[in-house]
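K.L.:
Mind looking at a prediction? Sequence and model below.
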Amino acid sequence: MESAKKKNDDNEDDAGVERGRVGLLYDERMCKHHTPDGEDHPENPERIRAIWRKLQSAGITQRCVVLNGKAAKDKHIASVHAHNYIKMIRNLSTKEVDPRRNKIASKFNSIYLNGGSSEAAYLAAGSVIEVSEKVAKGELSSAVAIVRPPGHHAESNEAMGFCIFNNVAVAASYILDEKLELGIHKILIVDWDVHHGNGTQKMFWKDSRVLFFSVHRFDFGTFYPTGDDGSYTMVGEGQGAGYNINVPWEHGQCGDADYLAVWDHILIPVAKEFNPDMIIISGGFDAAVGDPLGGCRITPYGYSVMMKKLLKFAEGKIVLALEGGYNLDSIANSVLACVKVLLEDKPLSGALEAYPFESTWRVIRAVRKELCTYWPILSKELPKEALAINKKVFSFELISSSDSDAENDEAFKAPSESKNDSIGNLVEKFQNVIRPLSLIPFEESAQVKAIGSSVSWRAVFAKTDIWYACFGSNMWMPRFLCYIQGGQVEGMQKPFPGSIDKRLPKDIMWKIMPHRLFFGRSHTRTWGEGGVAFLHPESSIDDKTYMCLYRITLEQFNDVIVQENVLVQENVQYDSLITPFFDSTSLDSAVTNKSIVLEAIKEGWYSNVVHLGTEGALHILTMTCSLSDVESFKSGEHPLRAPSKEYMNTLVRGLVQGKQLSEDEAISYINGACTKPL
């Protein structure tokens, strides 16, 4: 039979080896680790129970070799952890009630401890050892260890990030140091948890026998565990130089396309050169769609493709050890997808309609440049066909954020769009672009509660629809959805909390209005340096402005008003507003007088609500500056200024993806608005 390596070269789509028995390890005793007072916590026993129930209901457990947990021995844990630390963890379970546990936990970052924590930690580490040894021996072709607490943050003498013992590092050291006869001399550790595996990195920092690969959110050092450890410049030291690879995302919302681009252009080429004898995956699933902590968007299909690509190496000797993942549905479905790949089931159906973020290619280039002296394969230029997709119009597939979206996604179509371009489908294309508010750390005073308000005006205004007409960055739907569902898009320097009512717009359409578009102000907190769009409140037959109209509720319109005018200036909790800024009386005044400046927020840049007519019996409203502000722009009191590159790109995307103008036409339209005298 041909060697696995030759098959790798001959056929990239073939797993290359015959799969045998797949091991599944689960032990209910690991559920004894829970918060001491029963309070809610993302890392809880239901995580592994949900996975096990999913595998049972799918008939997977009957097709695998099911194993019970096995506690690790101190001497094996000591290969990566300090003796005093091990002793402290071992003694945690000496009493049912022990006040020392809370005191010990308080010394660590993001750790809780109870009477069952010690037993669970020993079982988690020992279970990964158990399945790793069986795979290394060939008794199992591959295995999945459904363990908790997770491990990859745990350092030699420190628990952190929900982790107590570094399960994967303990197992890798055991195989390399204690089981030389098994012939496993090189191990590839792939950490796809959304958080950087700082503990694992440090334990193999100088070890060339372990190639540690971590792809994670970094956010320039601000995402947990924070600091510089997760930077792409951290490549190892001494004999281990070049054997530590970090791929640090600049932001959230990275999904299948981003991860697979990293697989294809960093991990797979290096793995071919490294030629591991075994692969251990630090399998965190908190980069999955819907995870409350991760903020990325990998689908079960994406995980299955990543797993399948790894099966081409080490004759398929893969151990997946559970790390993070805190959405029970996402973690269960993602683990199921991975196990099915190990069982060689028919691949999941899916399509990579989304393209990687521009920042993904920026990170890939930086990583390749940093490591090319150690791995010459990375010195090659990236394929032009891969980079060309960034110049295409984005097309994203939807993973619905909530069941409540469905009622707004069904029958509404913009007049100029085909059946396949309904509002629901348009939202589907762009959902991945937005970084949701729930995943963005706000300072306490700036938080806006996402729960419904008891204030009666909201219930009334939620039943009244209007058209909100956008002429600036909100022409691009992902940008506008930041005002509805919360979050930010690439290029924005700050997130927005969204509306209290996060239902999607019911319809979208485009119109050309007889008003003058211009750009002014020197900078904004959202976009940085550069001007932003304004609409002259008075109409003129000599002017025309492209406007994207969203059908939203009057309640949502009030929340957009607040975000445009108030939250930019100060920290306000607007779900407790006793009265709306724009009510039925304001609407009547706007209809009668063509516009109304809202006195409560008259210092805001967009405090003037202009009535642009009606469409289908619904009022068309927009927000812009007041007439007095227009005079200030004319006099030079307020500067006229062209938009920044990021803001300009957003305007162009809106016009192009709205099928109003070509890219060149859109740029010419905006430049014309910037240069025409006011």
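P.N.:
Yep, that arrived.
K.L.:
Following the chain past the longest helix seen in the chain, name the next helix or strand.
P.N.:
Looking across the chain with DSSP state H, the single longest helix is helix 117-137. Next along the chain after helix 117-137, taking DSSP states H and E as the criterion, comes strand 142-145.
K.L.:
Mind giving me the packing neighbours of whatever helix or strand comes next after that following strand?
P.N.:
Later in the chain than strand 142-145, the nearest helix or strand by DSSP H and E is helix 167-178. When contacts are defined as 3 or more Cβ pairs under 8 Å, 6 or more residues apart in numbering; DSSP states H and E, helix 167-178 packs onto helix 74-77, helix 117-137, strand 187-191, helix 198-203, strand 278-283, strand 318-322. The way it works is simple: take the backbone N, C-alpha and C, and place the C-beta from them, glycine included.
K.L.:
buried residues in the longest one?
P.N.:
Counting neighbours by 16 or more other Cβ atoms under 10 Å, one finds that the buried residues in helix 117-137 are 117-136.
K.L.:
Check the shortest one too.
P.N.:
Neighbour counts using 16+ other Cβ under 10 Å place His76, Ile77 of helix 74-77 among the buried residues.
K.L.:
what's next to the helix or strand following it, contact-wise?
P.N.:
Beyond helix 74-77 in the direction of the C-terminus, DSSP H and E gives the next helix or strand as helix 83-90. Helix 83-90 has contacts (Cβ atoms under 8 Å, 6 or more residues apart in numbering) with 74, 77-78, 104, 117-118, 121-122, 156-159, 164-165.
K.L.:
Nearest to Trp205 among those?
P.N.:
Relative to Trp205, the closest of the contacts of helix 83-90 is Ser156; by Cβ to Cβ it sits at 11.0 Å.
K.L.:
is it possible to export the helices and strands packed on helix 167-178 to TSV including mean pLDDT and distance to Lys463?
P.N.:
TSV is the format used below for these (pLDDT from 0 to 100; distance: least, Cβ to Cβ, whole Å):
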stretch	mean pLDDT	distance to Lys463
helix 74-77	98	61
helix 117-137	97	51
strand 187-191	98	49
helix 198-203	98	51
strand 278-283	98	46
strand 318-322	98	46
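K.L.:
Make a markdown table out of the ones you listed and add distance to Pro300.
P.N.:
Listed next are those as a markdown table, based on distance: least, Cβ to Cβ, whole Å:
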| stretch | distance to Pro300 |
| --- | --- |
| helix 74-77 | 33 |
| helix 117-137 | 22 |
| strand 187-191 | 17 |
| helix 198-203 | 25 |
| strand 278-283 | 13 |
| strand 318-322 | 14 |
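K.L.:
State the distance from Glu381 to Ser142.
P.N.:
As judged by Cβ to Cβ, to the nearest Å, Glu381 and Ser142 stand 35 Å apart.
K.L.:
Of the two, which one has the most company?
P.N.:
The residue with more neighbours, out of Glu381 and Ser142, is Ser142; 29 against 8, by other Cβ atoms under 10 Å.
K.L.:
Just list whatever residues bridge to the more buried one.
P.N.:
With DSSP bridges as the criterion, Ser142 is bridged to Val22, Ile318.
K.L.:
Model confidence for it, exactly?
P.N.:
pLDDT, Ser142: 98.
K.L.:
low pLDDT regions in the stretch 51-200 of the chain?
P.N.:
By pLDDT under 70, the low-scoring segments of the stretch 51-200 of the chain are 94-98.
K.L.:
Also the chain?
P.N.:
1-20, 94-98, 349-354, 384-456, 566-578.
K.L.:
List the contacts of Gln660.
P.N.:
Gln660 is in contact with Trp510, Tyr546, Ala666, counting by Cβ under 8 Å, 6+ apart.
K.L.:
Mind checking which of these are in helices?
P.N.:
Checked against DSSP H, those include these in helices: Ala666.
K.L.:
Can you tell me which of the contacts of Gln660 is closest to Gln657?
P.N.:
Within these, proximity to Gln657 (Cβ to Cβ) peaks at Ala666, which comes in at 10.1 Å.
K.L.:
So the closest one is in contact with Leu655, correct?
P.N.:
Yes. Counting by Cβ atoms under 8 Å, Ala666 touches Leu655, with 4.0 Å between them.
K.L.:
Ok, which of the helices and strands packed on helix 167-178 comes nearest Gln493?
P.N.:
Short answer: helix 198-203, nearest of those by Cβ to Cβ, at 27.5 Å.
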